[in-house]
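A.B. asks: Quick one, structure for this:
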Amino acid sequence: MKKADGTAISGAKVYLASDTTTKVSSDADGKFALEIVKTLKPYGIDVQRSFEVTGQGASLGFSVNAAVSKGLITLFSGNGRIVKNIPLQNLSAGTHNIPLVGISNGFYILQITLGDQTVRRRVITAGSEVFVSDYEARKGEMRSGGKLAKVTADVVDTLIATKEGFVTKKTAIDAYVKEGIEIVMEEEGAFDCVLPDLPATSALKENQKLPDPFTFFDGTKVTKKSQWPCRRKEILAMASKYLYGEMPPKPDEVTGTVSGGTITVNCKQGSKTANFSINASGSGDILSICFGGFGCASISGARSATVNQGNMLTTIKQLYGSADIGEMIAAAWAIERIIDVL
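C.D. replies: Residues are numbered from 1 along each chain as shown. Here you go, the predicted model:
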């Protein structure tokens with residue numbers, strides 16, 4: 001669950017249109033896991049762990065939860081050629097074992113069709129071992145046994161995501177076994193925001209009272225929650241103009257190298273060039289980047305590196321000329337460039 005800018009959304013309720021009673025909430029990272037019990041009709045095909053190599057080839061064990069009059073097992077080679085077609089007739093509910101004679105080592109796609117339901121699996125045979133995985137499993141993840149996801153272009157259900165202050169989002173799904181679904185939610189009123197033409201700093205009037213965060217720049221009061229996203233954008237615009245400065249854009253070209261613990265960033269903007277580097281210490285797969293003078297958080301299994309925001313401000317001025325920004329924005333710009341290189 002995330003916003004259009006990639007920010008995670010926590011506390012969003014997610015459920016299926018066909019089952020409004022089973023709901024889960026997204027966590028602080030925007031992640032959610034919805035586990036449901038669905039009866040796959042009409043057959044519920046299940047490939048068992050009994051898929052193994054025999055002296056005469058491979059043997060496929062599978063089960064169905066309802067009788068079926070006819071079906072078809074098709075084995076495709078890696079280049080899409082049909083290796084075997086095995087017709088199925090009058091299968092009873094329960095377990096069945098089908099010999100696949102003459103299967104050599106290699107990569108195959110196994111397809112089982114019963115009535116209007118088709119399921120697929122990856123199959124890799126290597127010597128005396130056979131690996132079977134979900135057809136839509138993540139790259140490199142092999143799993144044997146377990147239910148087969150239905151493979152179809154049709155929509156089988158709809159995920160619904162709701163959260164106060166956001167527009168309800170509906171996402172069609174084509175199978176009940178799905179991973180890595182990204183749902184982007186838009187804040188209410190996000191497209192209706194018209195930011196004011198903010199005056200120059202010299203034109204501002206002194207106000208000895210604390211500003212009211214719930215009053216727009218033009219004096220309009222915030223009276224409902226759907227107005228807050230626009231007011232928040234307005235506050236950010238004022239902070240950028242009068243306090244931090246606007247984030248400089250990404251340079252025309254960003255290249256760099258990673259050597260040991262040193263990350264070097266090379267930037268080019270028009271005919272101007274500038275470069276900088278940081279040195280990461282420690283070991284691990286996580287890189288913690290800190291601002292100079294603020295210290296670094298101690299994170300287990302992480303390397304740490306420090307960005308000198310004063311130096312970064314100099315680098316930005318080399319690329320863009322004068323830059324009316326503070327050191328914190330300069331450091332944030334540098335971290336974006338480090339991410340570009342990584």
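A.B. asks: domain assignment for this structure?
C.D. replies: As given by automatic domain parsing, the domain ranges for the chain are 1-40+150-186, 46-134, 201-244, 253-341.
A.B. asks: any idea which of these scores lowest on pLDDT?
C.D. replies: Here those differ in mean pLDDT, and the lowest is domain 46-134 at a mean of 70.
A.B. asks: Give the closest residue to Glu327 in space, chain neighbours not counted.
C.D. replies: With CB to CB, 6 or more residues apart in numbering as the measure, Gln309 is the residue that lies nearest to Glu327, at 3.7 Å, once sequence neighbours are left out. For every residue, glycine as well, the C-beta is placed using N, CA and C.
A.B. asks: how many neighbours does the one you found have?
C.D. replies: One way to gauge burial is a neighbour count; for Gln309, by other CB atoms under 10 Å, it gives 21.
A.B. asks: for Met247, same thing?
C.D. replies: The burial count assigned to Met247 is 13, neighbours taken as other CB under 10 Å.
A.B. asks: Please list all residues in contact with it.
C.D. replies: Ser240, Ile325, Ile329, Ala332, Trp333 (CB atoms under 8 Å, 6 or more residues apart in numbering).
A.B. asks: pretty sure Glu336 is touching Pro251, no?
C.D. replies: No. If you go by CB atoms under 8 Å, Glu336 and Pro251 don't touch, sitting 10.4 Å apart.
A.B. asks: out of the two, which sits in the busier spot?
C.D. replies: Regarding Glu336 and Pro251, a neighbour count based on other CB under 10 Å identifies Pro251 as having more, with 22 against 12.
A.B. asks: Does anything pack onto the top helix by length along the chain? Which helices or strands?
C.D. replies: Taking DSSP state H as the assignment, the helix of the chain that covers the most residues is helix 327-341. Other elements packing on helix 327-341 under the criterion 3 or more CB pairs under 8 Å, 6 or more residues apart in numbering; DSSP states H and E are strand 253-259, strand 262-269, strand 286-291, strand 302-307, helix 309-320.
A.B. asks: can you give me the angle it makes with strand 262-269?
C.D. replies: In this structure, helix 327-341 runs at an angle of 100 degrees to strand 262-269, with axes from the mean of the first three to the mean of the last three CA atoms, to 10 degrees as the basis.
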